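> structure for this input, please:
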Amino acid sequence: MEFFRIHRTIPFMRHAVVLNIVSVVTFALAVFFLFHRGLHLSVEFTGGTVMEVAYKQSADIGKVRDAIGKLGYPDVQVQSYGSSENIQIRLPAQKGMSSDQQSAQVMQALKSVDESATQRGIEVVGPQVGEELTTNGLKALGMVVVGIMIYLAFRFEWKFALATVLANLHDVVIILGFFAFFQWEFSLAVLAAVLAVLGYSVNESVVIFDRIRENFRRYRKMSTTEIIDNAITSTISRTIITHGSTQLVVLSMFFFGGPTLHYFALALTIGICFGIYSSAFVAAAIAMWLGVKREDLIKGGPTKRDGESGDDPNAGAVV
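Coordinates of the predicted model:
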């Protein structure tokens, strides 16, 4: 299925240098903000207090969040669990205040809004747990990157593997840079979104690289630059359909999922936008500069189908 077909190849690689300079600058700014401001880590990483509160009727999470926010917790996590009458509150650690003092203060604020609020449990999340989560998160990220490289090296060629990993790391660092610059809360949900973006972004790269390999088989007289331009152009319709439909779902979570899914959907939105950009311009351009050629992808040599059959080099089916 396709909404439209582009019959003339768009010269994307003609602007590769300019676009990748923009990428390098954006990447450098993201790294700067990560080191200068750092991430605003949630309770799962920094430690704090987790409270369980029950109500006689469905809890108004918006009112609960406003009441706790007045105590000086602007980014407190409040979410339902089990049923609409039970909520879970995650409070960051406060200097000079114990967990019992925090919970007493919060319960006083909640009872001023609804007398039926009762505390069911309290749990202290220590900094050791946060360190373990951080370590495991970095391990997960490293395993995903290594897995992607191995997969692409076997399916295509090491130049494509290296280009894709660099492009994917570009996406991840830029997402983290946004969170560092705006000091948005970085939680386990956001970490899950970052890992999802890695897999999502590599899918777009695989589609483009698969079309590049197919073009090398079909068109003997086209240069590598023309092959890459044609591959990106011929997959534009598929890109718009796939990423557009995905973004509609993410936007529904962003606008209607509430504060719990807000930053998760925001991280996915940034990742989807930069994932499209990096697959088309960063990964493809790096593969071109690494010197990928027909012999790298077609071990048995070119087929007779292309230049000799008189195929239109700007044709190319859309996936």
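> alpha carbons only for contacts and neighbour counts from here, please
Will do.
> just give me the longest strand of the protein.
Assignment by DSSP state E gives strand 83-92 as the longest strand of the chain.
> residues contacting the residue nearest to V31 when sequence neighbours are not counted?
Computed as C-alpha to C-alpha, 6 or more residues apart in numbering, the closest residue to V31 that is not its neighbour in sequence is G177, at 6.4 Å. The contact partners of G177, by C-alpha atoms under 8 Å, 6 or more residues apart in numbering, come to 29-31, 33-34.
> before we move on, back to that, buried sites along the longest strand of the chain?
Residues of strand 83-92 classed as buried: 84-92 (neighbour count, 16 or more other C-alpha atoms under 10 Å).
> show the subsequent helix or strand relative to the top helix by length along the chain.
Using DSSP state H to assign secondary structure, the helix with the most residues in the chain is helix 188-218. Next along the chain after helix 188-218, taking DSSP states H and E as the criterion, comes helix 224-234.
> so what secondary structure elements neighbour that next one?
The contact analysis (3 or more C-alpha pairs under 8 Å, 6 or more residues apart in numbering; DSSP states H and E) places helix 224-234 against helix 188-218, helix 284-289.
> next, the angle helix 188-218 makes with it.
Going by axes from the mean of the first three to the mean of the last three C-alpha atoms, to 10 degrees, helix 224-234 is angled at 120 degrees with respect to helix 188-218.
> kindly provide the whole-number mean pLDDT of helix 224-234.
Mean pLDDT, helix 224-234: 93.
> same deal with stretch 42-54?
Averaged across stretch 42-54, the pLDDT comes to 85.
> please enumerate residues in contact with that stretch?
Stretch 42-54 has contacts (C-alpha under 8 Å, 6+ apart) with 85-94, 99, 102-103, 116-131, 133-134, 185-188.
> which parts of this protein are strands?
For the chain, the strands defined by DSSP E occupy 40-41, 48-54, 77-81, 83-92, 118-125, 185-186.
> okay if I get those strands as TSV plus distance to F256?
Output for the strands of the chain, formatted as TSV (distance: least, C-alpha to C-alpha, whole Å):
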stretch	distance to F256
strand 40-41	24
strand 48-54	24
strand 77-81	14
strand 83-92	17
strand 118-125	28
strand 185-186	19
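> for these, which one sits closest to F255?
Closest to F255 of the strands of the chain is strand 77-81 (C-alpha to C-alpha; 16.3 Å).
> list the buried residues in the closest one.
Within strand 77-81, the residues that qualify as buried are 77-80, counting by 16+ other C-alpha under 10 Å.
> ditto for stretch 50-63
For stretch 50-63, the neighbour count (16+ other C-alpha under 10 Å) marks 50-55, 59, 61 as buried.
> for those residues, which one is nearest I10?
Relative to I10, and with distances defined as C-alpha to C-alpha, the nearest of the buried residues of stretch 50-63 is I61, at 50.1 Å.
> and the contacts of stretch 268-287?
For stretch 268-287, the external contacting residues (C-alpha under 8 Å, 6+ apart) are 12-13, 16, 19-20, 23, 159-160, 163-164, 166-168, 170-172, 175, 193-194, 196-197, 200-202, 204-205, 208-209, 228, 232, 239, 243, 247, 250-251.
> C-alpha coordinates for it, CSV please?
Only the C-alpha atoms of stretch 268-287 are listed here, as CSV (Å, rounded to 0.1, in the frame of the first residue of the first chain):
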residue,chain,number,x,y,z
LEU,A,268,9.3,8.1,21.8
THR,A,269,8.2,11.2,19.8
ILE,A,270,11.8,12.6,19.8
GLY,A,271,13.1,9.1,19.0
ILE,A,272,10.8,8.6,16.1
CYS,A,273,11.5,12.0,14.5
PHE,A,274,15.3,11.6,14.9
GLY,A,275,15.2,7.9,14.0
ILE,A,276,13.7,8.8,10.5
TYR,A,277,16.3,11.5,10.1
SER,A,278,19.3,9.5,11.2
SER,A,279,18.4,6.4,9.1
ALA,A,280,18.0,8.4,5.9
PHE,A,281,20.9,10.9,6.4
VAL,A,282,23.3,9.8,9.1
ALA,A,283,23.4,6.0,8.6
ALA,A,284,23.2,6.1,4.8
ALA,A,285,25.8,8.9,4.6
ILE,A,286,28.2,7.2,6.9
ALA,A,287,27.9,4.0,4.9
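> now it: mean pLDDT?
91.
> same check, this time on stretch 182-194
Regarding stretch 182-194, the rounded mean pLDDT is 89.
> cool, stretch 134-150 as well?
81.
> quick one: buried residues of it?
Buried residues in stretch 134-150, defined by neighbour count with 16+ other C-alpha under 10 Å: 134, 137, 141, 144-145, 148-149.
> ok, back up a step: closest one to G291 out of the buried residues of strand 77-81, please.
Distance to G291, by C-alpha to C-alpha, is smallest for Q77 among those, at 49.2 Å.
> fine by me, we can end here.
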